[in-house]
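> Next one to model:
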Amino acid sequence: MKIGLFNETEENLDENFKIVLKVLKKGLKILNIKKVEFNVIVVDKDYIHELNKTYRDKDMETDVISFALEDDKTFNPEERVLGDIYISIDRVHSQAKEYGHSEIRELCFLAVHGMLHLLGYDHMTKEEEQEMFSLQDKILEECNITR
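As a prediction, this is how the structure comes out:
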């Protein structure tokens, strides 16, 4: 398992990245996934806005975008390169305040949400949403990342 964590902002995220890494590894363990590789890149609101506009044709800022190299839940025993997760640090700050929880909780939530998208989970239907959101909750709860 190889998870790259990259900070493209001016903020010091070293301590936060240690927690995010533990949470993502715990999530993969819960899902019984051992051989994957992906990156988490923390960027500012302008960068993620441009990504959203360029690649999703949505001219607005967002909190997290996942770029999956594959888009299904099938796993082969060989190592899989899943893709990249981009997280807006500005949205981490504003959403933590809006939802009344810590910024580390918001950062971990967005990282787990993005990871599940890379693994083929989605929330387009009520059933998919229920499955994905219950996995998010389980992973965060097992890591004592609470609201």
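> out of everything not next to it in sequence, what's closest to the most centrally placed residue in the chain?
Central residue check for the chain by Cα atoms, centre = their mean: the C-alpha nearest the mean position is that of Ala111, 2.3 Å away. When the adjacent residues along the chain are set aside, Ala111 lies closest to Val20, with 5.1 Å between them (Cβ to Cβ, 6 or more residues apart in numbering). Any C-beta I mention is one placed from the backbone N, CA and C, and that applies to glycine too.
> in this structure, which spans are strands?
In order along the chain, the chain carries the following strands (DSSP state E): 2-7, 36-43, 64-68, 80-88.
> quick one: Ile85 and Ala68 touch, right?
No: contact status for Ile85 versus Ala68: not in contact, 9.4 Å apart, counting by Cβ atoms under 8 Å.
> Now the common contact residues for these two.
Common contacts of Ile85 and Ala68, defined by Cβ atoms under 8 Å, 6 or more residues apart in numbering, comprise His117, Leu118.
> Can I get stretch 125-132 in PDB, CA atoms only?
What follows is the C-alpha trace of stretch 125-132 in PDB, where atoms were taken according to Å, rounded to 0.1, in the frame of the first residue of the first chain:
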ATOM      1  CA  THR A 125     -28.700   6.600  -5.900                       C
ATOM      2  CA  LYS A 126     -30.200   6.300  -2.400                       C
ATOM      3  CA  GLU A 127     -28.800   2.800  -2.100                       C
ATOM      4  CA  GLU A 128     -25.300   3.800  -3.200                       C
ATOM      5  CA  GLU A 129     -25.400   6.800  -0.900                       C
ATOM      6  CA  GLN A 130     -26.400   4.600   2.000                       C
ATOM      7  CA  GLU A 131     -23.600   2.100   1.300                       C
ATOM      8  CA  MET A 132     -20.900   4.800   0.800                       C
END
